[in-house]
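Visitor: next come a sequence and a model predicted from it.
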Amino acid sequence: MRGDERVLELLNDILTFELTLINQYWLNYRMLNNWGLYGLGEVFKKYSLEEMEDADKYIDRILFLDGHPNLQRMNTVQIGESAQEMLQLAMAREAEAVDKLNAGIALCQEVGDNGTRELLAEALREEEEHLDFYETQLDAIELVGLQGWLANFTLGASEG
């Protein structure tokens, strides 16, 4: 089934975004574990694996629409030098993902591609949950201070 070229381009753009987040979140996970922030590291590990599952769904959809998934392209991986900076960078990326997905849903409605629209709507809910987690953590840092907040993640007790 041949898909709309604009939808295929959109799916490849989102795939590029997902591939970038997989790497960014995985490196965050490894760095945080190295710093002893195991709980927060596990959250980033979980999110990295979720992004990998999402990327697989986009690849599958692109192939279904007779397109060519582009796995050679990746955006710049943004790595924070502290846990707080990692959260800020991740929050910005998730906000960007929400915008891309909303625009994609509108495009899919315009061209009548309900299968892709449903895929993007499901992904949108997941990205909104990630965005909410990052916002909540940054709000918590303001409430309890950085040191109090960091203590919550040293034993691996917290998970997003």
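Guide: Yes, it's here.

Visitor: what number of residues lie near residue 136?
Guide: For residue 136, the neighbour count with other Cβ atoms under 10 Å is 12. Every residue, glycine included, has its C-beta placed from N, CA and C.

Visitor: do the same with residue 71
Guide: When neighbours are defined as other Cβ under 10 Å, residue 71 has 12 of them.

Visitor: hmm, residue 120 is touching residue 107, no?
Guide: No. Contact criterion Cβ atoms under 8 Å: residue 120 and residue 107 do not qualify, at 9.1 Å.

Visitor: where does residue 73 sit: helix, strand or coil?
Guide: Secondary structure, DSSP: H, G, I helix; E, B strand; the rest coil: residue 73 is coil.

Visitor: now the residue nearest to it when sequence neighbours are not counted: how far from residue 97?
Guide: Closest residue to residue 73 apart from its sequence neighbours, by Cβ to Cβ, 6 or more residues apart in numbering: residue 16 at 4.7 Å. Distance of residue 16 to residue 97, computed by Cβ to Cβ, to the nearest Å: 11 Å.

Visitor: need the residues that contact the helix or strand of the chain with the lowest mean pLDDT.
Guide: Ranked by mean pLDDT, DSSP states H and E, the helix or strand of the chain with the weakest confidence is helix 146-151, at a mean of 88. With Cβ atoms under 8 Å, 6 or more residues apart in numbering as the test, helix 146-151 has contacts from 37, 83-84, 137, 140-141.
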